[in-house]
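S.K.: Build me a model:
(chains A and B)
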Amino acid sequence: MSERGQFRRVAETGRRPVRLRVDGEAVEALDGDTVLVALLTAGRRLRDNEFERRPRAGFCLMGACQDCWIWRPDGGRVRACSTPVADGMDLLTRSPLEQWSIRAS
Amino acid sequence: MVDPRIVIVGAGPAGTRAAETVVRHGLRPVVLDEAPQSGGQIYRRQPPGFSRDAKVLYGFEAGRAGRLHAAFDALAGKVEHHPGTLVWTVRDGAVHTAPADGGAVGRFPYDALVLATGACDRVIPFPGWTTAGVYTLGAAQVALKYQACAIGGRVVFLGTGPLLYLVAYQYAKAGAEVAAVLDTTGFAAKAMALPKLLAVLPALAKGLYYLGWLRSRGIAIHEGVVPVRVDGADAVEGVVFRSASGEERRIACDAVGFGYGLQSETQLADLAGCRFAYEPQSRQWLPEADADGRSDVAGVYLAGDGRRVRGADFAEMAGELAALAALGDRGIAVDQARMAALRRGLDRGLRWGQALQAVFPVPHHFLADLPSETVLCRCEGVTVGDARRAADDLDAREINRAKALSRIGMGRCQGRYCGLSAATILADTAGEKPETAMRIRGQAPVKPVPLRTEEAAS
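M.R.: Coordinates of the predicted model:
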């Protein structure tokens, strides 16, 4: 998460900081951010596609494409574009559950 | 007499006006909306604690947005509003819901159901479109409007439609770097020449204003382009396109926003059992309704862009008219003159929608030239070649059969972003007309809902 983010903030930067953990690392977001924005202002990857095995970073941002689902440590899923951040949120960009290899390549 | 139960799905321009109309007639409708606040996508509100004013968020549309928000806010206490609520199916005279943040499902029986489900971006796949950092034009706008973010540090906008120049303008105005606008239509030249100019004059005037503004700031605008590919292994590094004169050019960037207008969100109308008809300009099968929005299913009414893309202004009219029809059909006295006026307005809307599609045509022909390895279904990595093989080797010319055999449209988005393109590819491959491939059948749940079982207490 040290690289420059995909998204750039252009306004509304005076909001209260919110601290979350993503893949075990601390990420600082702002109150009112979606989870997607929190991750993509910190890095360029949100998840991996299960079939292409390549990084994804969301697509429609309006709950239609379903390409921004990430995980909580208990295996529960979070749709990043429509979920607001909260202090202490713990998130994983790879499933904590064992994955079948969907497509050999 | 017991009051009829009226359920409205969606709280955008159509849903808001429908709810307001029902309340004005003394009833208390249920309003179910996926978003945390009313406004829909076009007039989506920023989260609490953000401070930009409406002019910054909505530009020329600030007045309309403000009036729509105020209209919904004035209904507080008079409607049963469930924000953050997904309607995942319609069956047996009830809509079924799931809260966005988990929790118990709900069931809302209705006597009249107004579906105001809106639209999402129409896309056409091209090589590299699944690279991290490629977004829809709508997504680019949501990032800015709802989150005060640009989708990248150096952004290319690509495609056609009213959103293309608008979003580029909004980005540049907000201080984001716009690397280029790649217009597949040749908007400026075509707009001037079109005989239908008058029908879409306000949209054209705005489009030309944004175009001029961008040009005056030295932002590169290329018209009549064909997208070739997005470069970048793990994230966007550039876009390659073919210019109108046929040469390949590359623009370095770290994000792409693209789209070719909007498509209707028709899944719930499908699950409600509405009859669909083929619309040739957009090549989308759309739910049928009469002038007032009555579908062929008793008690189900359709309004706004979810019925047919005509834009927000006409969606407001359609929402009000569908609600009046629903009330009138249940024996409640409604203003017939007002209904007639709304019908006339929507008739203009139909012509406007058709003219808009003529000015900003979806470039269906791009699909025939796509390399076979291009990803068509972004959920499951099904390629254009897989779809062509389904139509050719497997003789699956109808899309639901092709879905079963190739998994096109089987993924989490339920074919929202590949279905229309896949239909054209199947038909092109079979040498048939595009409508022969039909449409992907709606399946419940229309979006993923959590599934959980619980151990019985012993």
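S.K.: which residues in chain A form strands?
M.R.: A:8-9, A:17-22, A:25-30, A:47-48, A:55-56, A:69-71, A:77-79, A:90-91 (DSSP state E).
S.K.: Remind me what the longest helix along chain B packs against, helices and strands.
M.R.: When chain B is scanned for its longest helix (criterion: DSSP state H), the result is helix B:336-359. Contact here means 3 or more CB pairs under 8 Å, 6 or more residues apart in numbering or on different chains; DSSP states H and E; on that basis helix B:336-359 packs against helix B:187-193, helix B:201-216, helix B:312-329. The way it works is simple: take the backbone N, C-alpha and C, and place the C-beta from them, glycine included.
S.K.: Tell me which of the ones you listed sits most buried.
M.R.: Of all these, helix B:312-329 has the most neighbours on average by mean count of other CB atoms under 10 Å in any protein chain shown, namely a mean of 25.
S.K.: just how off-centre is that helix within its chain?
M.R.: Counting by CA atoms, centre = their mean, to the nearest Å, helix B:312-329 is centred 19 Å from the centre of its parent chain.
S.K.: quick one on the thing from earlier: check the strands of chain A for me and report the most buried one.
M.R.: Mean neighbour counts for the strands of chain A (mean count of other CB under 10 Å) peak at strand A:55-56, with a mean of 22.
S.K.: now check that one, is it near chain B?
M.R.: Yes: with CB under 8 Å from any CB of the partner chain as the threshold, strand A:55-56 lies in contact with chain B, specifically through A:55-56.
S.K.: mean confidence score for that strand?
M.R.: The average pLDDT for strand A:55-56 rounds to 98.
S.K.: Then stretch B:71-81?
M.R.: 98.
S.K.: Flag every buried residue along it.
M.R.: Along stretch B:71-81, the positions that meet the burial threshold by neighbour count (16 or more other CB atoms under 10 Å in any protein chain shown) are B:71-72, B:75, B:78-79, B:81.
S.K.: helices and strands of the chain: which one has the lowest mean pLDDT?
M.R.: Using chain A. Each helix and strand of chain A was given a mean pLDDT (mean pLDDT, DSSP states H and E); the minimum falls on strand A:77-79 at a mean of 94.
S.K.: look at chain B instead
M.R.: When each helix and strand of chain B is scored by mean pLDDT, DSSP H and E, helix B:187-193 comes last, with a mean of 63.
S.K.: Identify the residues contacting residue B:122.
M.R.: When contacts are counted by CB atoms under 8 Å, 6 or more residues apart in numbering or on different chains, residue B:122 touches B:161, B:259-263, B:282, B:362, B:420.
S.K.: Check what pLDDT residue 50 gets.
M.R.: All of this refers to chain A. 90.
S.K.: Chain B, not that one
M.R.: With respect to pLDDT, residue B:50 has a value of 97.
S.K.: could you redo the contacts of residue B:122 as a markdown table and give each row distance to chain A and neighbour count?
M.R.: What follows is the contacts of residue B:122, written out as a markdown table (distance: CB to the nearest CB, whole Å; neighbours: other CB atoms under 10 Å in any protein chain shown):
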| residue | distance to chain A | neighbour count |
| --- | --- | --- |
| B:161 | 15 | 28 |
| B:259 | 10 | 28 |
| B:260 | 14 | 27 |
| B:261 | 14 | 23 |
| B:262 | 11 | 25 |
| B:263 | 10 | 24 |
| B:282 | 17 | 23 |
| B:362 | 17 | 26 |
| B:420 | 13 | 28 |
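S.K.: Dump those into a markdown table; add pLDDT as well.
M.R.: Output for those, formatted as a markdown table (pLDDT from 0 to 100):
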| residue | pLDDT |
| --- | --- |
| B:161 | 89 |
| B:259 | 98 |
| B:260 | 97 |
| B:261 | 96 |
| B:262 | 97 |
| B:263 | 97 |
| B:282 | 95 |
| B:362 | 95 |
| B:420 | 98 |
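S.K.: Of those residues, which belong to strands?
M.R.: Checked against DSSP E, the contacts of residue B:122 include these in strands: B:259-260, B:262-263.
S.K.: quick check, nearest of those to residue B:64?
M.R.: Closest approach between these and residue B:64, by CB to CB: residue B:262, at 17.4 Å.
S.K.: quick one: that closest one and residue B:121 touch, right?
M.R.: Yes: under the contact definition of CB atoms under 8 Å, residue B:262 touches residue B:121, with a separation of 6.4 Å.
S.K.: what do those two both touch?
M.R.: Counting by CB under 8 Å, 6+ apart, the residues touching both residue B:262 and residue B:121 are residue B:138.
S.K.: Which residue comes closest to residue B:172 once chain neighbours are left out?
M.R.: Take residue B:172 and drop its neighbours on the chain: the residue closest to it by CB to CB, 6 or more residues apart in numbering or on different chains is residue B:178, 4.9 Å away.
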